[in-house]
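[1] What follows is a predicted structure for the sequence shown.
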Amino acid sequence: MGSMCTCQSEKNSGVFDVAKLKPVLESISDPKRNLITILQKAQDIYGYLPIEVLQHISDETRIEASKIYGVATFYTQFRLKPVGKNLIMLCQGTACHVNGSALIENAIQDELGIFDGETTSDGIFTFNNVACLGCCSLAPVMMINEKTYANLTPKKTKEILKNIHESEIGASDVNNASEAPKNESVEGIA
Ligand code: FES
């Protein structure tokens, strides 16, 4: 059986309460055939797939750790790192590329100081480049959580990020720990 190195995070043992996985693992009779379902539920619980959790799944299911890691890294739906409160998905599809997504990426990097796949140190933003978001006529486009931002310019992008940052800071100032409001609207359509 393969093994994963968990030495890096042993000092954080207890952060990931693997007991939360018990009902999931008990409810699935054939873990080998349902590994993706197990990983999806684990990600729902922890927000991502910490290495300790993958190792625990391996220990409990007797599926080789290397196989579990392989599945977790193969599918883009799975995250091996924690994501920030606001997940920025910048489209790099053809229409968005032609309409200046590279400039938008530069604006995001400039404003937040992070690159593709990274999270700000305050945990407020994670930035990911993604493939077509399916609204090419609004290019260039990004989504932040459930909200779509269309017809972006570098200036507009920075303003959007500033506004979100300010609202997050304000929310923490009033000790409001609730989730950011979900907004499924599209902003920026001319
Ligand atoms: S190419 Fe960007 S939404 Fe389709």
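    That came through, no problem. The structure presented is a predicted model; accordingly, all values stated were derived computationally and were not measured.

[2] And the strands in the chain?
    86-91, 125-130, 142-144, 147-149, 186-187 (DSSP state E).

[3] Show me the domain layout of the protein.
    The chain breaks down by automatic domain parsing into domains covering 10-74, 86-172.

[4] Does the ligand have contacts with the longest one?
    Yes. Applying C-beta under 6 Å from any ligand atom, one finds domain 86-172 in contact with the ligand at C91, G93, T94, A95, C96, C132, L133, G134, C135, C136, A139, V141. From N, CA and C alone the C-beta is placed, and that goes for glycine too.

[5] of these, closest to Q77?
    Q77 lies nearest to L133 out of the residues of domain 86-172 next to the ligand, by C-beta to C-beta, at 15.5 Å.

[6] tell me the contacts of the residue of the chain found nearest the ligand?
    As assessed by C-beta to the nearest ligand atom, the ligand sits closest to G93 within the chain, at 2.5 Å. Counting by C-beta atoms under 8 Å, 6 or more residues apart in numbering, G93 touches A131, C132, L133, C136, A139.

[7] What is the most widely separated pair among those?
    A131 and A139 (13.0 Å).

[8] list residues touching both of these two?
    C91, G93.

[9] which of the two has more neighbours?
    Using other C-beta atoms under 10 Å, the more surrounded residue of A131 and A139 is A139, with 22 against 12.

[10] Is it correct that that one is in contact with Q92?
    No. Contact criterion C-beta atoms under 8 Å: A139 and Q92 do not qualify, at 10.6 Å.

[11] Can you pull the residues that touch both of those two?
    Common neighbours of A139 and Q92 (C-beta under 8 Å, 6+ apart) are S101.
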